[in-house]
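1. coordinates only, sequence not included:
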Ligand SMILES: NC(=O)c1ccno1
């Protein structure tokens, strides 16, 4: 998978050079390219924003730098036969559709994702319309709150998506029993020692009875989901 990220803070994504995603980049599973939006400007001040039409506080990101940046990425990808489809453009936004594990699984199958990280009061709306001529466009939100820009959300989405790509996580089995994979929150986990500061590991986990352990874990998933996320349970 190829992932392009456009931001006025490209250094924000240096962290993608470490850990599992950094290793996946090193062994060619992930091709991650970070672009500075200001490199797509042509004025001396490398201007990316301006005042909003209709008034209002703050500044809006200008359309043309985005158009230039997205054109460059789409043209470069089109020359790569390993990327058969048009890109999926993802713009993190509090006004977007909710990002879920199902979204991550869906996007993990796309050959090419382009994350556009907005700042200020947002991106000129015409950019989304223009991007739709180059590929699929998705405005996606991590949750019902507002960040200062799209970078943190893009990082979270890149991690949630990237870890699902075959070869990124060493043991694919570890992806199976996770929260939200089966519509429930994951069960509690324990490791040695069996007693820690007078706190014991549940005896069932030491029993060696795999059927009973599986049943206990499933029950723990339901109990935790009912307590913490009743909205995930069917009516
Ligand atoms: N809630 C979000 O995903 C978001 C993205 C940018 N600002 O907020």
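-> That came in fine, so what should we check first? All of these numbers come straight from a predicted model, not from anything done at the bench. Numbering: from 1, shown residues only.
2. following the helix or strand of the chain with the lowest mean pLDDT, which helix or strand shows up next?
-> Lowest mean confidence among the helices and strands of the chain (mean pLDDT, DSSP states H and E): helix 19-26, at a mean of 86. Downstream of helix 19-26, the first helix or strand assigned by DSSP states H and E is strand 31-36.
3. show me what that next one packs onto, helices and strands only.
-> Applying 3 or more Cβ pairs under 8 Å, 6 or more residues apart in numbering; DSSP states H and E, we find strand 31-36 packed against strand 2-7, helix 19-26, helix 63-78. From N, CA and C alone the C-beta is placed, and that goes for glycine too.
4. which of the ones you listed sits most buried?
-> Mean neighbour count (mean count of other Cβ atoms under 10 Å) peaks for strand 2-7 among the helices and strands packed on strand 31-36, with a mean of 24.
5. nearest residue to residue 144 other than its sequence neighbours?
-> residue 94 (7.2 Å; Cβ to Cβ, 6 or more residues apart in numbering).
6. find the nearest non-adjacent residue to the one residue sitting closest to the centre of the chain, please.
-> The chain has residue 157 as the residue nearest its centroid, 0.6 Å off, counting by Cα atoms, centre = their mean. Distances taken as Cβ to Cβ, 6+ apart put residue 99 closest to residue 157, at 6.0 Å, once the chain neighbours are dropped.
7. contacts only, for that neighbour.
-> Taking Cβ atoms under 8 Å, 6 or more residues apart in numbering, we find residue 99 in contact with 140, 141, 142, 143, 153, 156, 157, 160.
8. pretty sure the fourth one sits against residue 100.
-> Right, residue 143. No. Using Cβ atoms under 8 Å, residue 143 is not in contact with residue 100, being 10.4 Å away.
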